[in-house]
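Colleague: Next one to model:
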Amino acid sequence: MRVLVACEESQVVCKAFRARGHEAFSLDIQPCSGGHPEWHTQGELLCHHLHGWNMIIAFPPCTYLCASGMHWTTRGIRPQKPTNDAAAFFMMIAKAPCERIAIENPVGAMSRLWRKPDQYVQPWQFGHDASKKTGLWLKGLPCLQPTDIVEPRIVNGKRRWGNQTPSGQNNLGPSKDRAKLRSKTYQGIADAMATQWGGKC
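Modeller: The predicted model follows:
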């Protein structure tokens, strides 16, 4: 299959599909850090990029859509327009002329502005000692099935994974690369996408 992995500079998903024989390409406004620039287009995702694919998997920016940041908008501290623009970008992908589409985003505004995701996934369902609840909006694709459940540790009676502080916050400290590191797709989830949605050629 020809697979577009949109808004992905890490190429984790792109390479997972390539490893299974698919013609996958990543596209992002940033240069790729995955080591295969020959499979990457750097630039903005536009409507014409969404034609001619057998599958589109997209990771649109969540800064103005995620629940953790929406309080800035709902309290009037941040204007509504960035959220509206981010939602329109999300919907441009959702309406693409492709039979198989998956859009990833954290818990946030799209559940209210469009519809709830078809499923939520966690890295700990796919072999990683980590928690990061993420929604998948699907078209023509089945929900991902967990592949390797990682049990948490119990802290003060609450479930906690390796990337969490005892209070449940992400333990990744502030840095200029924090957003990029937090947005990177976990390998176990990428492998599940490629295996369960792509199979073998």
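
Colleague: Only C-alpha atoms from now on, for both contacts and neighbour counts.
Modeller: Will do.

Colleague: now stretch 35-44, how far from the chain's geometric center?
Modeller: Chain-centre distance of stretch 35-44: 18 Å, with Cα atoms, centre = their mean, to the nearest Å.

Colleague: First-to-last residue distance for it?
Modeller: This stretch, stretch 35-44, spans 20 Å end to end (Cα to Cα, to the nearest Å).

Colleague: Return the set of buried residues in it.
Modeller: Neighbour counts using 16 or more other Cα atoms under 10 Å place 39, 40, 41, 42 of stretch 35-44 among the buried residues.

Colleague: Dump those residues to JSON lines, plus distance to residue 147, secondary structure and pLDDT.
Modeller: Below are the buried residues of stretch 35-44 laid out as JSON lines (distance: Cα to Cα, whole Å; DSSP: H, G, I helix; E, B strand; the rest coil; pLDDT from 0 to 100):
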{"residue": "39", "distance to residue 147": "27", "secondary structure": "helix", "pLDDT": "98"}
{"residue": "40", "distance to residue 147": "28", "secondary structure": "strand", "pLDDT": "98"}
{"residue": "41", "distance to residue 147": "31", "secondary structure": "strand", "pLDDT": "97"}
{"residue": "42", "distance to residue 147": "32", "secondary structure": "strand", "pLDDT": "97"}
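
Colleague: Identify, from those, the entry nearest to residue 31.
Modeller: Within those, distances to residue 31 taken as Cα to Cα reach their minimum at residue 42, with 5.7 Å.

Colleague: That closest one contacts residue 30, doesn't it?
Modeller: Yes - counting by Cα atoms under 8 Å, residue 42 does reach residue 30; the two are 6.0 Å apart.

Colleague: any chance of the buried residues of stretch 35-44 in JSON lines, plus distance to residue 80?
Modeller: Output for the buried residues of stretch 35-44, formatted as JSON lines (distance: Cα to Cα, whole Å):
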{"residue": "39", "distance to residue 80": "35"}
{"residue": "40", "distance to residue 80": "32"}
{"residue": "41", "distance to residue 80": "30"}
{"residue": "42", "distance to residue 80": "28"}
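
Colleague: what about the strands in the protein?
Modeller: Ranges of strands within the chain are 2-6, 23-28, 40-42, 55-58, 101-106, 119-121, 134-139, 153-155, 158-160, based on DSSP state E.

Colleague: Packing partners of the fourth one?
Modeller: Put plainly, it is strand 55-58. Applying 3 or more Cα pairs under 8 Å, 6 or more residues apart in numbering; DSSP states H and E, we find strand 55-58 packed against strand 2-6, strand 101-106.
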